[in-house]
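Trainee: Quick one, structure for this:
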Amino acid sequence: MKPIGMVARLLRTCIPRAGMKPTIRPWFAVIVVLGCCLPRLLGQAGPVRRVLILYEVGTSYPLTNLVDEGIRKALANSPYRIEIYREYLDTVLFSDPTEQLSFRNFYLHKYKNHKPDVVITVGSSPLKFMAEVHRNAFPGVPIVFCFPNVPADSGELDPDFTGVEGDISAAGTVALALRLFPSTRHIVVVGGVAPYDRRQEALVKQQLEGYQNRLDVSYLTDLAAPALIERLKRLPDHTVVLITALGKDSGGNSYNADQSGPMIVGASNAPVFSLVDRYLGHGEIGGDLSSAIKDGHIAGGMALRILDGKKPEDIPIVKTATTYMFDWRAMKRWGVKETSLPAGSIVLNRQPTVWESYKWYILAGIFLIVIEALLIGRLTWQHGALRNINQLLIKQTAALQARENLLKIFVKNVPVGVAMLDREMRYVQVSDRWCADYALNRSEVLGHSHYEVFPDVPDRWKEIHRRSLAGETFRAEEDRWERNNGSTTWVRWEVRPWRNVDGDPGGILIFVEDITPRKQIEEALSGMSRKLIESQEQERARIARELHDDINQRLALLAVELDQWSRNPAKGEVPSHVEEIKDRIIEISRDVQALSHQLHSSKLEYLGLATAAKSFCREVSQTHNVRVNFTENGVPRHLPEEVSVCLFRVLQEALQNAVKYSGADHFEVRLCGTTGEIRLIVRDSGAGFDMSHPANNQGLGLVSMRERVSLVKGTIVIKSKPMAGTEITVHVPADAGARANELTLGAA
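Mentor: The predicted model follows:
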């Protein structure tokens, strides 16, 4: 029974009803209830148990977070109050044996007098550490190991050890790739140089031994990121890429799966397969994958069984199975059909079918077609009956007259604003909703000219009426109507002709819906979006100042000190490493300064848009080893801040996307100022993309550029075709910033 229910039931026995005595003394009942329920009400569910989790890498790596999620889910149903301590050896960032020894000594001292009830090791290095110090530092403490996707290398373990070994299926994934791409002749394995990377690479080589004589299997595991990207861009035809662990490249740069995955997929000109679930969702097709969450959940379950009194030697070591998992978006990109996948495969990010997306529209359309078919059938039957009574002309005239009358009845009763007018623009019939929307009396409207009733109809609408009387149909999802009383109304309308007895247009039908409330909401949301972007720019400026004025100066001072140390080395030091450390610190300083320029360009603030844009193009050219031709003509130095920031951010997004995805090495940027307008053009002659495909128009970069341009009342035009390059043209009024401020203030 729940504590609150128990309290209520006991109190009811304490309060006597009419003519009855209490069965339990009130004070005694309160004491009993508090004694039974107070510990649970205060969250004291049971005794405290300490669980130490020792990870090989830090939380910046998705592997750690996925395993930790699985462990936490397993321990969530524990009857104990569990205190979880998380520690990290960070073998990728601190691979030097001396550094690792410092880590181990620190943890031994930290938990010397604070022994955990169970230790969970995630990775090979933590297990090896525990195997070496267990008997002396943690005697009798059970150890649960977890090997996500790498083999054990800690030798023989004592009975206090048990755990779970994750598996990878490199051979299974390659077999699947050959099934999906039968013409494959080359397998390229991509990995890193960190200890974890090397262990997984060795396991992959072992599993792919059977393919060495059948395929050209090569390993790109000893390259720095720039060289790796260049190699991936020039892979030969009939190649498949297989991603293993890439925690660190040969240049000393560290990566996690969310960083290395997009980098490899974006550079590769061949389909990319993976071995683990954390390398999925960046553009990889997938494969026979292992799950880090599943491994963590099993390890956490073992730890919970040990806390319940189970001995480690009685819990057998488990090896998890792999699962076929795929990304639907990558499958579409490389033409992989879902029917060719193995049975039971999991497909992620699948887009809904046409029926799933539009089934209600389809059903409504079918319903309308059936109703119209019934009406047409009814009219046809009436026409056939009248044909036996009257002559052909009389029957046709009667049928058309009946149709016209039916149309009038329909117009009057339809629950939207509809007006039926003749060729002289006089009202023949109006709907009840039309009269209600415009506060009109039907008897005072019928027979009168539309332009008499609404003298403020704009000339452009009069031209549409004239063309509709000639047989054309027009519609607008939204249109602005400036009324004579000074108000503005937004409407959605459709104008179409109706036919007389001769089949010629006898007049027009006008359908109108007032959407002013919706437009007011959209404008309010637009103003809110503008404020959010302004807030983002302010935050970027603040971060840029902190990076530039604080971190950069401290790194520069450290470089000077190291330079002095290299000239006058102290006794016992190793001066041969000073120059290398100094160069690396200077490189970090330059990277931080470049990051501050990307977050908030000081040149944009003090030197103007043209100078900032030219500098950015030069930085892109130097960084990516490409040619960017920048031309500028007639751009004022002083522009509204909103205009300058908008065009600069659009230039950043467009040029970076072009460098990343086009595959070209030559780009053209033009910035021109004309009377009252600034125009930006970014053009490349690279791969391009299909503009007609919906997915190619909904990317975050394109949406962000469109949103920025719309906030300053500008326009953006994107032209692209496969293998014909891409051109982005932006037109922004020079005074758009002031007008946007006026609109925001007016809406407020």
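Trainee: The stretch 51-200 of the chain: strands as residue ranges?
Mentor: Along the stretch 51-200 of the chain, counting by DSSP state E, counting those that start in this stretch, strands occupy 81-88, 118-122, 143-147, 161-165, 186-190.
Trainee: Could you find the closest non-adjacent residue to His114?
Mentor: Closest residue to His114 apart from its sequence neighbours, by CB to CB, 6 or more residues apart in numbering: Arg50 at 7.7 Å. In this view, the C-beta of every residue, glycine as well, is placed from N, C-alpha and C.
Trainee: Beta-bridge partners for the one you found, please?
Mentor: With DSSP bridges as the criterion, Arg50 is bridged to Glu83.
Trainee: Assess the claim that it and Asp117 are in contact.
Mentor: Yes - Arg50 lies in contact with Asp117 (CB atoms under 8 Å); the separation is 5.1 Å.
Trainee: For Glu494, grab the count of nearby residues.
Mentor: For Glu494, the neighbour count with other CB atoms under 10 Å is 16.
Trainee: Just the element for it, please.
Mentor: Element membership for Glu494 (DSSP states H and E) is strand 488-499.
Trainee: Which neighbours in the sheet does that strand have, and how are they oriented?
Mentor: strand 474-482 (antiparallel), strand 505-514 (antiparallel).
Trainee: So what's the gap between the last one and the chain middle?
Mentor: In other words, strand 505-514. Put simply, strand 505-514 sits 43 Å off its chain's centre (CA atoms, centre = their mean, to the nearest Å).
Trainee: And for stretch 438-446?
Mentor: 53 Å.
Trainee: again with stretch 434-451
Mentor: 51 Å.
Trainee: circling back: and the residue nearest to His114, what does it touch?
Mentor: 82-83, 85, 114-118 (CB atoms under 8 Å, 6 or more residues apart in numbering).
Trainee: Any chance of a markdown table for the strands paired with strand 488-499, columns distance to Asn657, mean neighbour count and mean pLDDT?
Mentor: Formatted as a markdown table, the strands paired with strand 488-499 follow (distance: least, CB to CB, whole Å; neighbours: other CB atoms under 10 Å; pLDDT from 0 to 100):
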| stretch | distance to Asn657 | mean neighbour count | mean pLDDT |
| --- | --- | --- | --- |
| strand 474-482 | 30 | 13 | 89 |
| strand 505-514 | 39 | 20 | 89 |
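Trainee: Distance-wise, check the nearest residue to Thr59 once chain neighbours are set aside relative to Ala292.
Mentor: Nearest non-adjacent residue to Thr59, counting by CB to CB, 6+ apart: Asn65, 6.1 Å away. Using CB to CB, to the nearest Å, we find Asn65 at a distance of 9 Å from Ala292.
Trainee: With neighbour numbers in mind, choose between those two.
Mentor: Using other CB under 10 Å as the criterion, Asn65 and Ala292 rank with Ala292 on top: 27 against 18.
Trainee: And the residue nearest to that one when sequence neighbours are not counted, what's its pLDDT?
Mentor: Distance criterion CB to CB, 6+ apart; nearest residue to Ala292, sequence neighbours excluded, is Leu66 at 3.7 Å. We note a pLDDT of 88 for Leu66 in this prediction.
Trainee: how many neighbours does Leu66 have?
Mentor: By other CB under 10 Å, the burial measure for Leu66, its neighbour count, is 21.
Trainee: residues touching it, list them.
Mentor: Taking CB under 8 Å, 6+ apart, we find Leu66 in contact with 277-278, 291-293, 296.
Trainee: Buried residues of the lengthiest helix in the chain, list them for me.
Mentor: If you go by DSSP state H, the chain has its longest helix at helix 354-387. Within helix 354-387, the residues that count as buried by 16 or more other CB atoms under 10 Å are 383, 386.
Trainee: same check, this time on stretch 617-632
Mentor: 617, 620-621, 624, 626, 628, 630.
Trainee: Report the rounded mean pLDDT for that stretch.
Mentor: 90.
Trainee: Tell me the span between the first and last residue of it.
Mentor: Separation of the first and last residues of stretch 617-632 by CA to CA, to the nearest Å is 12 Å.
Trainee: Give me the below-cutoff pLDDT ranges for the stretch 401-550 of the chain.
Mentor: 401-413, 524-525, 527-532, 534-536, 538-539, 541-543, 545-550 (pLDDT under 70).
Trainee: just the helices in it please.
Mentor: 432-437, 442-445, 450-453, 459-469, 516-546 (DSSP state H, counting those that start in this stretch).
Trainee: Buried residues in the third one, which are they?
Mentor: Using 16+ other CB under 10 Å as the test for burial, helix 450-453 gives 450, 453.
Trainee: Next: the first one.
Mentor: Residues of helix 432-437 classed as buried by neighbour count (16+ other CB under 10 Å): 432-435.
Trainee: hang on, the earlier thing: among the buried residues of stretch 617-632, which are located in strands?
Mentor: Using DSSP state E to define strands, the subset of the buried residues of stretch 617-632 located there is 628, 630.
Trainee: give me every residue that touches His465.
Mentor: 425, 450, 495, 508.
Trainee: Repeat that for Ile317.
Mentor: Residues in contact with Ile317, defined by CB under 8 Å, 6+ apart, are 162-165.
Trainee: Buried subset of those residues, written for PyMOL?
Mentor: Command for PyMOL, covering only those of the contacts of Ile317 found buried under the criterion 16+ other CB under 10 Å:
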select buried, resi 162+163+164+165
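Trainee: Of the contacts of Ile317, just say which sits nearest to Val418.
Mentor: For the contacts of Ile317, the residue nearest Val418 by CB to CB is Val164; the value is 69.4 Å.
Trainee: ok, that closest one to Leu647 distance?
Mentor: 54 Å.
Trainee: Check His450 too.
Mentor: Separation of His450 from Leu647 (CB to CB) stands at 45 Å.
Trainee: With adjacent residues omitted, what lies nearest to His321?
Mentor: For residue 321 the amino acid is Ala, not His. Asp167 (7.0 Å).
Trainee: Determine the number of other residues adjacent to the one you found.
Mentor: 19.
Trainee: Give me the pLDDT value at it.
Mentor: With respect to pLDDT, Asp167 has a value of 82.
Trainee: all helices for the stretch 1-150 of the chain, in order.
Mentor: Taking DSSP H, counting those that start in this stretch, the helices of the stretch 1-150 of the chain run over residues 3-14, 26-41, 62-75, 97-110, 124-137.
Trainee: typed the wrong thing, it's the stretch 551-700 of the chain
Mentor: 552-567, 578-599, 602-606, 609-624, 641-661, 700-711.
Trainee: bridging residues for the closest residue to Ile315 other than its chain neighbours?
Mentor: Spatial nearest neighbour of Ile315, excluding adjacent residues (CB to CB, 6+ apart): Thr162 at 4.6 Å. For Thr162, the beta-bridge partners under DSSP bridges are Val144.
Trainee: separation between Thr162 and Leu75?
Mentor: For Thr162 relative to Leu75 (CB to CB), the value is 16 Å.
Trainee: How confident was the prediction at Ala613?
Mentor: Ala613 is given a pLDDT of 88.
Trainee: For it, list the residues it contacts.
Mentor: Applying CB under 8 Å, 6+ apart to Ala613 gives the contacts 630, 632, 647-648, 651, 669, 671.
Trainee: Put the buried members of these into a ChimeraX selection.
Mentor: Entered in ChimeraX, the line below selects the buried ones among the contacts of Ala613, by 16+ other CB under 10 Å:
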select :630,647,648,651,669,671
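Trainee: Touching, Leu52 and Tyr85? I think so.
Mentor: Yes - contact criterion CB under 8 Å: Leu52 and Tyr85 qualify, at 4.8 Å.
Trainee: okay, now the domains of the chain?
Mentor: Taking automatic domain parsing as the criterion, the chain consists of the domains 3-41, 48-165, 170-289+321-348, 406-514, 516-600, 601-748.
Trainee: Lowest average confidence across the ones you listed, which one?
Mentor: domain 3-41 (a mean of 48).
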